[in-house]
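Chemist: Turn this into a model:
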Amino acid sequence: MRILGIDPGSRLTGFGVIEFKTQGFTYVMSGSIRINADYFPDRLKQIFDGIISVTHAHRPDHVAIEQVFMHKNADSALKLGQARGAAICAAQLSDLPIFEYAAREVKQALVGKGNADKLQVQHMVKILLNLHGPLQIDASDALAIAICHAHTQQTANRLGGKLP
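Modeler: The predicted structure follows:
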């Protein structure tokens with residue numbers, strides 16, 4: 001199964017693609033969509049186009065994306081939700097099943113505690129995917145979301161069910 005993980009943001013959207021087979025994970029690629037537009041609708045279009053490009057190039061079977069969490073600033077939360085919506089629409093246009101995970105759920109799956117910091121998550125991503133060298137934090141978050149989905153899917157399969 002090929003999984004695209006997405007860590008949405010209105011200025012930087014991380015993405016990562018992994019292969020998951022019974023013997024484990026294989027890193028395919030990762031990166032970030034760097035948003036350079038000032039006009040917000042143009043930013044959303046850049047996210048949409050970027051995710052479309054990744055899905056066409058790497059043909060994932062599933063998409064896993066982080067759920068919106070409440071920021072202290074409501075305006076930031078709304079912008080994040082819109083960025084997330086642009087990414088979801090791009091995946092939906094490619095007829096891909098989309099799965100959503102809370103940040104705490106992803107951290108719990110990778111680090112073992114829901115309040116882990118980004119560097120701990122990044123460290124575990126590098127270990128699980130056998131990566132060496134630098135890895136952008138947004139890309140590692142996206143890879144973490146993909147790994148969390150793989151674990152969740154594997155557990156559901158063991159229990160005889162599929163995820164919704």
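Chemist: for E19, what are its contacts?
Modeler: 1-3, 25-26, 28 (Cβ atoms under 8 Å, 6 or more residues apart in numbering). C-betas here are computed from N, CA, C, even on glycine.
Chemist: What of K21?
Modeler: M1.
Chemist: max-length helix in this protein?
Modeler: Selection of the longest helix in the chain by residue count, based on DSSP state H, yields helix 137-158.
Chemist: CA atoms only: put that one into PDB for me.
Modeler: The C-alpha trace of helix 137-158 is given here as PDB (Å, rounded to 0.1, in the frame of the first residue of the first chain):
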ATOM      1  CA  ILE A 137      10.200  19.200  10.000                       C
ATOM      2  CA  ASP A 138       7.000  19.600   7.900                       C
ATOM      3  CA  ALA A 139       8.000  16.600   5.800                       C
ATOM      4  CA  SER A 140       8.800  14.500   8.800                       C
ATOM      5  CA  ASP A 141       5.400  15.400  10.300                       C
ATOM      6  CA  ALA A 142       3.700  14.300   7.000                       C
ATOM      7  CA  LEU A 143       5.700  11.000   7.000                       C
ATOM      8  CA  ALA A 144       4.600  10.500  10.600                       C
ATOM      9  CA  ILE A 145       1.000  10.900   9.600                       C
ATOM     10  CA  ALA A 146       1.500   8.300   6.800                       C
ATOM     11  CA  ILE A 147       3.200   5.900   9.300                       C
ATOM     12  CA  CYS A 148       0.300   6.400  11.800                       C
ATOM     13  CA  HIS A 149      -2.200   5.500   9.100                       C
ATOM     14  CA  ALA A 150      -0.200   2.400   8.100                       C
ATOM     15  CA  HIS A 151      -0.200   1.200  11.800                       C
ATOM     16  CA  THR A 152      -3.900   1.900  12.100                       C
ATOM     17  CA  GLN A 153      -4.700   0.100   8.800                       C
ATOM     18  CA  GLN A 154      -2.600  -2.900   9.900                       C
ATOM     19  CA  THR A 155      -4.400  -3.100  13.200                       C
ATOM     20  CA  ALA A 156      -7.800  -2.900  11.500                       C
ATOM     21  CA  ASN A 157      -6.800  -5.600   9.100                       C
ATOM     22  CA  ARG A 158      -5.700  -7.900  11.900                       C
END
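Chemist: This completes my enquiry, with thanks.
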